[in-house]
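S.K.: Sequence and predicted structure are below.
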Amino acid sequence: VPAIEDGLKPVQRRILHALNEMDDGRFNKVANVIGQTMQYHPHGDASINDAIVNLGQKELLFDCQGNWGDVRTGDSAAAARYIEVRLSKFANDVVFNNQTTHWQLSYDGRKKEPITLPIKFPLLLAQGVEGIAVGLATKIMPHNFCELLQASIDLLSNKKVNLFPDFLTGGMMDASSYNDGLRGGKIRIRARIEEFDKKTLLIKEIPFSTTTTSLIDSIIKANDSGKIKIKKVIDNTAKDVEIQVQLAPGISPDVTIDALYAFTDCEISISPNACVIIEDKPHFVGIAEILRVSTNQTVELLKEELEIRKSELMEKLLFSSLEKIFIENRIYRKIEECETFELVISTVDEGLDPFKKDFYREITEEDILKLLEIRIKRISKFDSFKADESMRRLEDELKEVEENLANLIRYAIDYFKNLLLKYGKGKERKTEITNFNTISATVVAAANQKLYCNMLDGFIGYGLKKDEYVMDCSDIDDIIVIRLDGTCIVTKVQEKVFVGKDILYCSVFKKNDDRKVFNICYADGKTGITYVKRFKVTSITRDREYKLVGNHAKSKITYFSANENGEAEIVQISLTANCTAKIKQFDYDFAKLAIKGRESLGNMLTKYPVRKIIQKSAGISTLGGVDIWYDPTIGRLNRDQHGNHIGNFEPNDFILAIYVNGNYELTNFELTNRYPAEEILYLKRFNSKSIISAVYFDGNNKSNYIKRFKLETTTVDKKFLFISDSKNSKLLTVTDNYSPNVQIKHKSDGKSSETNIIPIGSIVEVRGWKAIGSKLNYSKIVDIQFVETEENDSLEATEAEVINYSSNIDENNDSNTEEEKNDSVEKLSDEIPMEIINIESFTSEVSEKSEPIVLEEDEVVTNNSKIDDIPFEINTGNDETDVPMTIKSKTDENLHSDLNNGAQLGLF
């Protein structure tokens, strides 16, 4: 269990002390370091070797050379005689200072070792620790280097501090229950899994404390037990982690990702337990308290170092002054006639008497002895000017030290900032902090069993292979059974289980399924009246029997249907021939009946005896569409009103997903689908009549284009690229507004920015989804987005909006080169801020023989302007020479002279 002062276990502290004694800037064999450490640590070389390797793999205190193993793959380090180590620059800067270290004798009394090291950094939180002692255990998670330094700065600035773990293996983490690292807290860590294609998944990062080997073993084990269905697992890990999971045919990648999290080590839970030694006693403290203690200790150590430095500077000033007086006043001449050494000392002391009042302390015999040790050569070459300059530098440094002591908190903040600037590069956060959705194991488990049922005898299970096949299921599913006598029971699937004779219905039970509706007619055993009811079974106690038809023993179901989407059919009721009813056959529509609880009585259908009830016609759902929301924080769909509402879905509807990389895809609306927020730009219910308007950046010619199109494909779960496929091309913004305006913020003179709003709906023609689109010419675009029109002519007003989950334009983005920023668009005249070049050849509706249309330049283009209202000269082209139609601005007859093939169109 580590000490709170330096965050080190005894063996780690002794290793660092031994390395510091050996340090000469060169690498040392680990075997040699082990031997040196054994002078202080009497517990064998194996524990020292393991501790050295553990410290080296954390990549903070040591510079390592050789094969030190790999925490990602679980590979062990080479033997101690083959690998080398030395202290890192960071360790030399923050760990050691003999002047502020408190010492004790080693176990055999031969050596001195530090009680604790004067570490000026929250090392315990940076490295993390896991250990045991007598009746104790500790588990402290590693935290991010840069975040710890920033947290210390915030703490000294009286700001609120929130710290969460960060792991070298990366991955994703849900720390909502972290509880400041105290007992009772929990963090969930997941591997980062990407969908390479519909048949392959790639695991790019693994959870902390797992290895690629253990992860693959857990995947194979889950596959062998039937929880998931995969074809092959390939480990391609080299510099970066890559585990390729090839799926079996027909298996959904989204469901498999959830199943990997549910049944393998792709998701693990860790319970932290922060226990440290404070004043030789164990204490359970939170991460915030450990950081506070470490930060305050750093401040105290900095103060102690400053005070030591101040004392050193004052002593140097004192002796420099004494030396100058001793030489310039030729006091050394007065000792020539002294016969004894005691007389020499007293003579020098008398010579210094006139100056003693100017010193900060009394002059001691040791000071006089140091003066007497000055050599004649130095006295003869003494330079008063150089001595004054040296004393002035010492005084300036002393003044700076006193200033730092007077403003100690500011000095400590600067110290942490310097550490962050000097060592923070390359130590950015690797583990993404997010919120995880709860995965139901029964939903994502692969159907690895077949459910059979003996209706008459009342047995169900996956071992009854000679009986009636019902459906596929997993071995962790619950099964719902409804019997003829109106009894409902839910039980866990087994090889063979008795659930009661005369089974009417048997299926896999889905908890909280509010779409499945049961329609039944039943005859009351006491009165003989036939009732009709509709109900749901959303939650139930396992293995408990519920009566659906009242409590009379002779009541029984006369008609039954289970409807997955709340359908309400029409049934035909035939009464017995000898009953007194005038109408002995009639129809009943279940759509008239409200859905109530499973134990409700229902409505009376008839008081006469019923001969039979049959379904006359299938019905439609009475529940309406399903409202679906998208939660960007977890990238999942839900029906709990979390996130953004994307539409009301009927059974045959689809979702239209448009990605930042310029692909679009039609998908179903299963809640198991994944839509990563960083990849999604648009997500809504698909409307085949919608017109999509999009602005994208072409990485090939460094230009921005705008296009409008209708989706012409209906293939589901396949991505189609509708922008340029060149490198660095990306989609900037998109909308389904029928008549959108685009707002462009750009810098016209390199300093001030301007904003222009262009009515794209009345200017850009709707074309196919493969069209290149029309070019936007603005210099240095800062931001571009679609804005709502005051009068929206969209096909569906409720869908005319922009859903933009990520920002794609950033003028300060380092990934954009200066050339890309300056040359992405070509600057035209102020009168024509935009040029649209339609690369596709098109057919003009203007008559071949019509004269060119010339309009005045001061005419204004409005949202409803047509092509004829624009101040340009339009030439319809020549069919004989196949010259395309051109439109030229009157303001610059030569504006388009350098453009070659294709039609040119210059518009506002």
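M.R.: Arrived safely, thanks for sending.
S.K.: helices or strands up against the host helix or strand of L19?
M.R.: Following DSSP states H and E, one finds L19 within helix 10-22. Contact partners of helix 10-22 among helices and strands, from 3 or more Cβ pairs under 8 Å, 6 or more residues apart in numbering; DSSP states H and E: helix 30-37, helix 45-57, strand 84-87, strand 112-116. Using the backbone N, CA and C atoms, a C-beta is placed for each residue, glycine as well.
S.K.: Could you list the low-pLDDT ranges of the chain?
M.R.: Applying pLDDT under 70 to the chain flags the ranges 748-751, 779, 789-908.
S.K.: how is it carved up into domains?
M.R.: Per automatic domain parsing, the structural domains of the chain span 10-119, 186-270, 447-621, 629-811, 841-908.
S.K.: now these as CSV including mean neighbour count and distance to N162?
M.R.: Converted to CSV, those look like this (neighbours: other Cβ atoms under 10 Å; distance: least, Cβ to Cβ, whole Å):
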stretch, mean neighbour count, distance to N162
domain 10-119, 17, 22
domain 186-270, 18, 14
domain 447-621, 16, 34
domain 629-811, 17, 17
domain 841-908, 14, 48
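S.K.: Tell me which of those approaches K425 most closely.
M.R.: For those, the distance to K425 is smallest for domain 10-119, at 12.0 Å, taking Cβ to Cβ.
S.K.: Quick one: end-to-end distance for the closest one.
M.R.: 15 Å (Cα to Cα, to the nearest Å).
S.K.: want to try a markdown table for the domains of the chain, with distance to F284 as columns?
M.R.: Putting the domains of the chain into a markdown table (distance: least, Cβ to Cβ, whole Å) gives the following:
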| stretch | distance to F284 |
| --- | --- |
| domain 10-119 | 20 |
| domain 186-270 | 16 |
| domain 447-621 | 37 |
| domain 629-811 | 32 |
| domain 841-908 | 67 |
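S.K.: For D23, give me phi and psi.
M.R.: Main-chain torsions, D23, degrees, to the nearest 10: phi -60, psi 120.
S.K.: Would you mind saying which of the helices and strands packed on helix 10-22 lies nearest T735?
M.R.: Of all the helices and strands packed on helix 10-22, it is helix 45-57 that lies closest to T735, at 49.9 Å by Cβ to Cβ.
S.K.: circling back: quick one: closest of the domains of the chain to E323.
M.R.: Among the domains of the chain, domain 10-119 sits nearest to E323 (Cβ to Cβ), with 24.8 Å.
S.K.: So in terms of bridging, what pairs with P165?
M.R.: H143 (DSSP bridges).
S.K.: Show me where the stretch 151-300 of the chain has its strands.
M.R.: Assigned by DSSP state E, counting those that start in this stretch, the stretch 151-300 of the chain shows strands spanning 172-177, 186-190, 192-197, 200-205, 230-235, 243-247, 267-270, 275-278, 281-284.
S.K.: K501 contacts F459, correct?
M.R.: No: if you go by Cβ atoms under 8 Å, K501 and F459 don't touch, sitting 9.4 Å apart.
S.K.: list the helices and strands the longest strand seen in the chain packs on?
M.R.: The single longest strand within the chain, with elements called by DSSP state E, is strand 610-621. The helices and strands touching strand 610-621, judged by 3+ Cβ pairs under 8 Å, 6+ apart, are strand 517-523, strand 556-563, strand 567-575.
S.K.: so what strands line up beside the shortest one?
M.R.: Strand 517-523 has these partner strands in its sheet, going by DSSP bridges: strand 530-535 (antiparallel), strand 556-563 (antiparallel).
S.K.: What lies in contact with stretch 587-604?
M.R.: Here stretch 587-604 makes contact (Cβ atoms under 8 Å, 6 or more residues apart in numbering) with 488, 517, 519-520, 522, 529-537, 546-548, 550, 566, 568-573, 605, 616, 619, 622.
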